[in-house]
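Enquirer: Following is a predicted model, sequence given first.
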Amino acid sequence: MKPSKSTDVKKSFTIHDLPPAERPRERLQRFGVEALSAQEILALILGRGISGESVMVTAQRLLSRFGSLKGIAGASLEELSQIKGIGLAKACQIKAAFELGSRADSSIADVNRCVVKTPEDVVNAVQDRLKGKKKEHFLALLLDTRNHLIKIAEVSIGSLDTSIVHPREAFKEAIAASAASAIFAHNHPSGDPQASDDDIRITKRLSEAGEIIGIEVLDHVIIGAKTFLSLKRAGLF
């Protein structure tokens, strides 16, 4: 008796063939994109593996062949297409994904040339970075003597407490960039920008540390879903 066609033909493996706890999409939804490995992000971009092979294997093959994400980004369509499981269509997807990231970086660079003087300026500078984040991201906006934005540095990721946001880490890049002043900002994933006791305590500690090292802390802005809170404007430090 001949087996049916369905048993003769191997289906291509997708992310859905992985155990639920190991699926990149589900992990992204639960923990945020920052928790994903380079392999998992590539697997999400590719979407589907080849006959008898998980897409995660294809993603790992890419990393092994080119050594890093930077190596993959610099590979040509022809080089990508030579990898088992990567045809022209998937090679184009990969190139497009890296180009999108490159353009986003260029957009951030444009933001970094702006002047920051008010809490509204802070919100405009960081809201795209913080939109939709499922964890708290603590950022330092580093300014020169004319309040031009030198750069936006990420200090920490996670619920704020004094063990996570340490003055040493908060001012490390400010010192390296010869910043004259700094404004701190972080998001509340709950959407409510109301300052917690830890928010106020950390801000006062950073302000005191800034006085000692000569980098003035101008404000700390908490970003909510539809509004924000300036601790300086609210008189909380």
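Expert: Done, it's in. Because the structure is predicted, anything quoted here is derived from the model rather than measured.
Enquirer: How about the contacts made by Lys133?
Expert: Gly32, Asn187, Pro189 (CB atoms under 8 Å, 6 or more residues apart in numbering). Every residue, glycine included, has its C-beta placed from N, CA and C.
Enquirer: how about a cut-off of 6 Å?
Expert: Lys133 is in contact with Asn187, counting by CB atoms under 6 Å, 6 or more residues apart in numbering.
Enquirer: any weak-confidence spans in the chain?
Expert: 1-18, 105-113, 159-164 (pLDDT under 70).
Enquirer: show me where this protein has strands.
Expert: Per DSSP state E, the chain carries strands over the ranges 12-14, 48-51, 137-143, 149-157, 181-187, 216-223, 228-230.
Enquirer: looking at these, which is closest to Glu169?
Expert: strand 149-157 (5.6 Å; CB to CB).
Enquirer: Next, count neighbours for Ile200.
Expert: 15 (other CB atoms under 10 Å).
Enquirer: again, but for the one 3 residues further on
Expert: Counted with other CB under 10 Å, residues neighbouring Thr203 total 22.
Enquirer: Over to Thr227?
Expert: 11.
Enquirer: Quick one: residues contacting it.
Expert: Pro193.
Enquirer: Look up how far Phe138 lies from it.
Expert: Applying CB to CB, to the nearest Å, one obtains 19 Å for the distance of Thr227 from Phe138.
Enquirer: domains of this structure?
Expert: 11-104, 112-230 (automatic domain parsing).
Enquirer: re the thing from before, how about CSV for the strands of the chain, with distance to Asp128 added?
Expert: Output for the strands of the chain, formatted as CSV (distance: least, CB to CB, whole Å):
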stretch, distance to Asp128
strand 12-14, 31
strand 48-51, 30
strand 137-143, 12
strand 149-157, 11
strand 181-187, 12
strand 216-223, 11
strand 228-230, 14
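Enquirer: okay if I get those strands as CSV plus distance to Ala104 and mean neighbour count?
Expert: CSV is the format used below for those (distance: least, CB to CB, whole Å; neighbours: other CB atoms under 10 Å):
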stretch, distance to Ala104, mean neighbour count
strand 12-14, 27, 17
strand 48-51, 25, 16
strand 137-143, 16, 24
strand 149-157, 13, 18
strand 181-187, 18, 25
strand 216-223, 19, 24
strand 228-230, 23, 20
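Enquirer: can you tell me which of those comes nearest to Lys172?
Expert: From those, taking CB to CB, the stretch that ends up closest is strand 149-157, at 8.2 Å.
Enquirer: Tell me, how many residues neighbour Ala170?
Expert: Neighbours of Ala170 using other CB under 10 Å come to 23.
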